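> Need a 3D model of the following:
(2 chains)
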Amino acid sequence: MVSTDYKKDFPLLLQPDAGGLPLAYLDNAATTQKPRQVIDAVRNYYETFNANPHRGAYSISVRVTEAFEEVRAKAARFIGAADPEEVVFTFGATDAINQAAQSYGEQAVGAGDEILISVAEHHSNLLPWQRLAKRTGAVLRYLIPDQSGRVTTEELAAKLTSKTKILAIAHVSNVLGGVNPIGELAAMAHEKGAAVLLDAAQSVPHIPVNVRDLDVDFMAFSGHKMLAPAGIGVLYGKKELLQRMEPARLGGGIVEEVTQQDARFLDAPLRFEAGTQNAEGVIGLGAAIDYLEAVGMEAIQDIERRLMDDALQELCAIPRIRLYGAGDAEERTGILSFNIEDVHPHDTATILASHGVAVRAGHHCAQPLMAHLGVNATCRMSLCFYNTEEDIRRLAQALSTVREVLGFEP
Amino acid sequence: MNLNELYSQVIKDHNLSHHNKHPLEGANVAVPGRNPSCGDEIELFLQIEDGVVEDASYTGIGCAISQASVSIMIDLVRGKTPAEAKELFRLFLAMIRKEPLTSEEMTRLNDAAALKGVSNMPARVKCATMPWHTLEAALDAASGSTT
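A predicted model of the protein is given here:
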């Protein structure tokens, strides 16, 4: 059982930052901090059973192989997958989407076919499809989110055609924070025969996600955004689809037999895991899932909603602030983008940093969305369950000084 | 981090004044400057005549540091030869990289010396240097087009 003062478990959040106070870390959509349970699990792996999984006959290699496969089963259970073999370990969500676009996309999409994505996609769920479209002669079409930052069923109905082969969409926009109605969108796409890839990098760490309820064909997420180390992520794929896909990456550990001119690959998921695997990342991911489950994903959603209600109230009271996306915390996660009038987001972020408040400024790897919103860049605060009302209060207090620091009237 | 050192009066004045921020009718060089990670986007205009930067201006958007830096730079290079402008660029980069400069060299940098505080903030260095890299590209483009 974890204590409800979650920050106690996160050593970095206890370190003094600017002015002797610990950092008010509000850049969790970029990466989350790591609890000591995860740090200890990785340390324990290095100190007691570091070996190459799926290779040796000696005891620690057997142990790491078992631990590795246990985490696969745990990750499958965590996202509601029917079978651990539907979980492919990757370097992260970016790698997962790239592999899916290459391995599935190139067999499923041909000249004249259509690929549908949202204009709010992170570049990691845009560039692989843009390249696929260029290579295959397919057409990349864009869904436009509504005022709340969400893609509606009406919008999908207007864009979905019998030529649509893939719908690739984020569960939660990394800029606007709105939660897309994936279950409904996926059902509509399937009716037209399109496969659905869900970029769940911003949802799996923050809300309960069940791949069978949502009925998506592929789903990608990253460990480092959910308390685990960087360099580990998951590509979920329906078993019958994974079995029909060729591996995008070739190397050791993925074959049944190799001859001079030919190769026969192992079944999924191992056929997609070429080269020595990131065992420490997998072990860390397992410990991170344990931690999240101990807190409870429903509880996490509730905590972040409450904090978001607070944040919306506090930030709406800041003079000359502009918020982007939905105003209602019920339909959004803990991501909020904003700008202060006349002030470039990088200056805002620098001033907040001087108060020990960490937010992100820039285009958030979503340049088409920035163009659609008619802005050059935004500031973004993003929550995790370990944040507190005090973090929000410090953000609001620091924000209220920004215009004056730059010589504008408050 | 000292905010007053970073956002000094000189920086604030240049950021707010916009006196160099406009298109330039007589420009014979126009070069874009981009800072892709922050979204700073400027267009630098130079009017070079008889081997002298007769006039310069910029348009675009960016943070206070990049906007002040480009404005200060334009004040500095107006009336200079391309070689003199490039020498100022060299001095500016040296200051940002914390290389030792003589007080005479710091004097030549004039208002640009106010950006010295940026050298302590790696995340903001590109904001200050981007306009100068754009200037170098513009000067190179100009010399290429006249020879």
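> what's the burial count for residue A:371?
As a burial measure, residue A:371 scores 12 neighbours (other C-beta atoms under 10 Å in any protein chain shown). (Glycine included, C-beta is placed from N, CA and C.)
> oh sorry, the question was meant for residue B:7
Count around residue B:7 with other C-beta under 10 Å applied: 23.
> The one helix or strand residue B:104 maps to: how far from the chain's middle?
Using DSSP states H and E, residue B:104 maps to helix B:103-109. Remark: helix B:103-109 is offset 16 Å from the chain centroid, using C-alpha atoms, centre = their mean, to the nearest Å.
> residues in contact with it?
B:76, B:88, B:91-92, B:94-95, B:101, B:113 (C-beta atoms under 8 Å, 6 or more residues apart in numbering or on different chains).
> Equivalent analysis for stretch B:35-44, please.
Residues from elsewhere that reach stretch B:35-44, judged by C-beta under 8 Å, 6+ apart: A:344-346, A:361-363, A:370, A:376-377, B:30-34, B:56-63, B:66, B:70, B:126-127, B:130-131, B:134-135, B:138.
> quick one: contacts for residue 75?
I'll assume chain A. Applying C-beta under 8 Å, 6+ apart, the residues near residue A:75 are A:81, A:84, A:87, A:234, A:285-286, A:289.
> try chain B instead
B:20, B:110-111.
> And the strands in chain B?
B:29-35, B:40-49, B:52-61 (DSSP state E).
> Quick check, residue A:58 in contact with residue A:51.
Yes: taking contacts as C-beta atoms under 8 Å, residue A:58 lies within contact range of residue A:51: 7.4 Å.
> Of those two, which one has the most company?
Comparing residue A:58 with residue A:51 by neighbour count (other C-beta under 10 Å), the higher total belongs to residue A:51, at 16 against 9.
> what does chain B have sitting close to chain A?
Counting by C-beta under 8 Å from any C-beta of the partner chain, the residues of chain B close to chain A are B:1-3, B:6-7, B:9, B:12-13, B:15-16, B:37-41, B:61-65, B:67, B:121, B:123-124, B:127.
> what ranges of chain B fall below the confidence cut-off?
B:1, B:145-147 (pLDDT under 70).
> which residues of it fall in helices?
With DSSP state H as the criterion, chain B has helices at B:3-6, B:9-17, B:64-77, B:82-96, B:103-109, B:125-146.
> In which helix or strand does the spatially most distant residue from the centre of chain A reside?
Within chain A, residue A:260 marks the point farthest from the mean C-alpha position, 40.1 Å out by C-alpha atoms, centre = their mean. Using DSSP H and E, residue A:260 falls within no helix or strand.
> Can you pull the phi/psi pair for it?
Residue A:260 adopts backbone torsions of phi -60, psi -30, taken as degrees, to the nearest 10.
> ditto for residue A:324
Per-residue torsions, residue A:324: phi -120, psi 130 (degrees, to the nearest 10).
> Quick check: it touching residue A:377?
No: Residue A:324 is beyond contact range of residue A:377, at 11.3 Å (criterion: C-beta under 8 Å).
> With neighbour numbers in mind, choose between the two.
Shown here are residue A:324 and residue A:377; by other C-beta under 10 Å, residue A:377 has more neighbours (26 against 21).
> which residues touch the more buried one?
Per C-beta under 8 Å, 6+ apart, neighbours of residue A:377: A:344-346, A:361-363, A:370, B:38-39.
> can you tell me how far residue A:26 sits from chain B?
16 Å (C-beta to the nearest C-beta, to the nearest Å).
> I'd assumed residue A:280 was in a helix, is it?
Yes: assigned with DSSP: H, G, I helix; E, B strand; the rest coil, residue A:280 falls within a helix.
> Can you report how many residues neighbour it?
Residue A:280 - counted by other C-beta under 10 Å - has 18 other residues nearby.
> Now do the contacts for it.
Contacts of residue A:280 (C-beta under 8 Å, 6+ apart): A:42, A:45-46, A:50, A:229.
> Now the two most distant members of these.
Within the contacts of residue A:280, A:50 and A:229 form the most distant pair, 14.2 Å apart (C-beta to C-beta).
> neighbour count winner among those two?
A direct count of neighbours by other C-beta under 10 Å for residue A:50 and residue A:229 places residue A:229 higher, at 21 against 15.
> what are the phi and psi values for the more buried one?
Per-residue torsions, residue A:229: phi -60, psi 160 (degrees, to the nearest 10).
> pretty sure residue B:14 contacts residue B:72?
Yes: counting by C-beta under 8 Å, residue B:72 is a contact partner of residue B:14 at 5.5 Å.
> Between those two, which contacts overlap?
Joint contacts of residue B:14 and residue B:72 (C-beta under 8 Å, 6+ apart) are residue B:111.
> does chain B sit close to the least confident helix or strand in chain A by mean pLDDT?
The weakest-scoring helix or strand in chain A, judged by mean pLDDT, DSSP states H and E, is helix A:367-373 (a mean of 91). Yes: contact between helix A:367-373 and chain B, assessed by C-beta under 8 Å from any C-beta, occurs at residue A:370.
> Centre of the chain to that helix, how far?
Counting by C-alpha atoms, centre = their mean, helix A:367-373 comes out at 19 Å from the chain centroid.
> Name the residues that touch the helix or strand following it?
On the C-terminal side of helix A:367-373, the nearest following helix or strand under DSSP H and E is strand A:378-382. Strand A:378-382 is touched from outside by A:26-30, A:174-175, A:177, A:311, A:324, A:334-340, A:345, A:348-349, A:352, A:359-364, A:370, A:395, with contacts defined as C-beta under 8 Å, 6+ apart.
> wait, does the following helix or strand past strand A:378-382 contact chain B?
Sequence order places helix A:389-399 as the next helix or strand after strand A:378-382, per DSSP H and E. No: using C-beta under 8 Å from any C-beta, helix A:389-399 stays clear of chain B, coming no nearer than 10.7 Å.
> tell me the mean pLDDT over helix A:389-399?
Mean pLDDT, computed over helix A:389-399, is 97.
> distance between that helix and the chain's centre?
For helix A:389-399, the distance to the chain centre is 25 Å (C-alpha atoms, centre = their mean).
> got it, and stretch A:266-283?
20 Å.
> Give the full set of residues in contact with residue 29.
Chain wasn't specified; assuming chain A. A:174, A:202, A:225, A:335, A:360, A:380, A:382.
> meant chain B, my bad for not saying
Residue B:29 touches B:45-48, B:138-139, B:141-142, B:145, counting by C-beta under 8 Å, 6+ apart.
> can I get those in CSV with neighbour count?
Formatted as CSV, the contacts of residue B:29 follow (neighbours: other C-beta atoms under 10 Å in any protein chain shown):
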residue, neighbour count
B:45, 23
B:46, 27
B:47, 18
B:48, 23
B:138, 25
B:139, 22
B:141, 15
B:142, 18
B:145, 10
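> mind putting those residues in JSON lines, distance to residue A:242 included?
Shown next, in JSON lines, are the contacts of residue B:29 (distance: C-beta to C-beta, whole Å):
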{"residue": "B:45", "distance to residue A:242": "55"}
{"residue": "B:46", "distance to residue A:242": "57"}
{"residue": "B:47", "distance to residue A:242": "62"}
{"residue": "B:48", "distance to residue A:242": "61"}
{"residue": "B:138", "distance to residue A:242": "53"}
{"residue": "B:139", "distance to residue A:242": "56"}
{"residue": "B:141", "distance to residue A:242": "52"}
{"residue": "B:142", "distance to residue A:242": "57"}
{"residue": "B:145", "distance to residue A:242": "56"}
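> can you tell me the residue of the stretch 151-300 of chain A closest to chain B?
For the stretch 151-300 of chain A, the residue closest to chain B is residue A:175, as judged by C-beta to the nearest C-beta, at 12.7 Å.
> Cool, thanks, talk later.
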